[in-house]
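**Student:** here is my input, please return the structure:
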Amino acid sequence: MVYTVTLNPALDYVIHIEDFQTGEINRTQREEIQFGGKGINVSTVLTRLGVENTALGFLAGFTGQVLAEGLRKNGIQTDFIWLTEGLTRINVKIKAGEETEINGRGPVIPSAALDELFQKLDRLQSGDVLDLSGSIPASLPDDIYQQILRQLEGRGILTVVDAAGELLCAALSYRPFLIKPNHHELGEIFGQTPVTDQELTACAKKLQKQGARNVLVSMAGEGSLLLDETGACHRLGVPRGTVRNSVGAGDSMVAGFLAGWLKTGDYETAHRMGAAAGSATAFSDGLATEAKVLALLDVLNPAGILLV
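**Tutor:** Residues are numbered from 1 along each chain as shown. This is a model prediction of the structure:
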């Protein structure tokens with residue numbers, strides 16, 4: 001079973017505006033509500049790819065009820081902790097040529113609710129997968145990921161950490177099964193953004209030496225690179241398409257990778273599925289569907305060389 005943790009879920013209010021002007025009244029061309037948070041994005045794509053999973057996290061208020069009901073209607077299994085005060089946050093995503101985001105703070109998470117999360121995590125068994133994604137709410141301790149990883153250490157649970165900077169580095173000693181930095185995040189960690197495949201591979205090897213088993217580096221329009229735990233390096237470009245949406249593409253890549261690996265145990269297949277899922281989201285207004293992922297797989301050959 002795969003479990004995802006979203007510490008600060010959100011309703012994403014996505015609005016499309018032809019010519020956004022600050023300080024003026026702007027009228028939308030269209031709008032939609034999406035159910036957001038990095039772990040929830042991973043759960044959504046996993047569900048669409050036929051992988052059983054459960055979304056964990058915290059919800060509050062009427063906005064939390066809307067999110068929970070939306071996920072239920074989409075067939076996503078959840079086991080959220082309900083907070084007695086506050087509201088699940090609303091994030092505004094403005095799409096007007098460039099993308100602008102206004103993200104809410106979210107509710108305060110009391111210590112009793114955090115204890116309840118740890119109790120749920122205690123039920124995980126050997127062979128389960130736990131995805132930890134995204135930033136940490138201000139009301140939680142900065143080392144919450146480390147606390148979770150420490151609690152699960154030595155129990156045969158495969159952990160995925162999709163976080164940036166010090167948050168990612170602090171998790172490496174717990175030997176996460178997968179980490180997914182992008183090339184800009186590698187630049188923040190190592191002081192210089194890698195450009196060539198050799199530089200990317202060198203950075204990935206350093207992260208492996210610090211504890212990561214598999215390092216998946218996303219590079220937007222330049223594709224992705226996987227250094228797997230056997231030492232093999234896999235490189236993929238991106239299929240041709242029009243980028244419509246950057247939100248959730250990295251989460252979709254994580255979901256695709258997990259789906260590919262859980263179904264086959266093969267890292268090359270997992271990388272291809274991850275790359276296809278990330279691109280499928282980037283080429284869509286929402287998150288990747290199975291049909292779009294499978295269609296993009298057809299233009300990525302097993303050797304990792306783009307067929308266009």
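
**Student:** send the alpha carbons of the lowest-mean-pLDDT helix or strand in the chain over as PDB?
**Tutor:** Comparing helices and strands within the chain by mean pLDDT, DSSP states H and E singles out strand 98-102 as the least confident, with a mean of 87. The C-alpha coordinates for strand 98-102 follow below in PDB (Å, rounded to 0.1, in the frame of the first residue of the first chain):
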ATOM      1  CA  GLU A  98       2.700  33.800 -16.800                       C
ATOM      2  CA  GLU A  99       1.400  31.900 -13.700                       C
ATOM      3  CA  THR A 100       0.900  33.700 -10.400                       C
ATOM      4  CA  GLU A 101       0.100  31.900  -7.200                       C
ATOM      5  CA  ILE A 102      -1.300  33.300  -3.900                       C
END
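
**Student:** which residues touch the helix or strand just after it?
**Tutor:** Sequence order places helix 111-121 as the next helix or strand after strand 98-102, per DSSP states H and E. Contact partners of helix 111-121, identified using C-beta atoms under 8 Å, 6 or more residues apart in numbering, comprise 3, 5, 56, 58, 79, 81, 83, 130, 140, 144, 147-148, 151-152. Quick note: C-beta positions are derived from backbone N, CA and C, even for glycine.

**Student:** of those residues, closest to Arg244?
**Tutor:** Each of the contacts of helix 111-121 was scored against Arg244 by C-beta to C-beta, and Val5 proved nearest at 28.0 Å.

**Student:** relative to helix 111-121, how tilted is the regular element (helix or strand) spanning that closest one?
**Tutor:** In the assignment (DSSP H and E), Val5 maps to strand 2-6. With axes from the mean of the first three to the mean of the last three C-alpha atoms, to 10 degrees defining the directions, strand 2-6 sits at 170 degrees from helix 111-121.

**Student:** partner strands of strand 2-6 and their direction?
**Tutor:** In its sheet, strand 2-6 lies beside strand 53-60 (parallel), strand 129-133 (parallel), with partners assigned from DSSP bridges.

**Student:** gap between the first one and the chain center?
**Tutor:** The offset between the C-alpha centroid of strand 53-60 and the centroid of the whole chain comes to 14 Å, using C-alpha atoms, centre = their mean, to the nearest Å.

**Student:** need the contact partners of that strand.
**Tutor:** Defining contact as C-beta under 8 Å, 6+ apart, one finds that strand 53-60 is touched by 1-9, 37, 39-40, 42-43, 46-47, 65, 67-68, 71, 76-88, 107, 109, 113, 117, 120-121.

**Student:** so, low pLDDT: which residues of this structure?
**Tutor:** In the prediction, the chain carries residues with pLDDT under 70 at positions 301-308.
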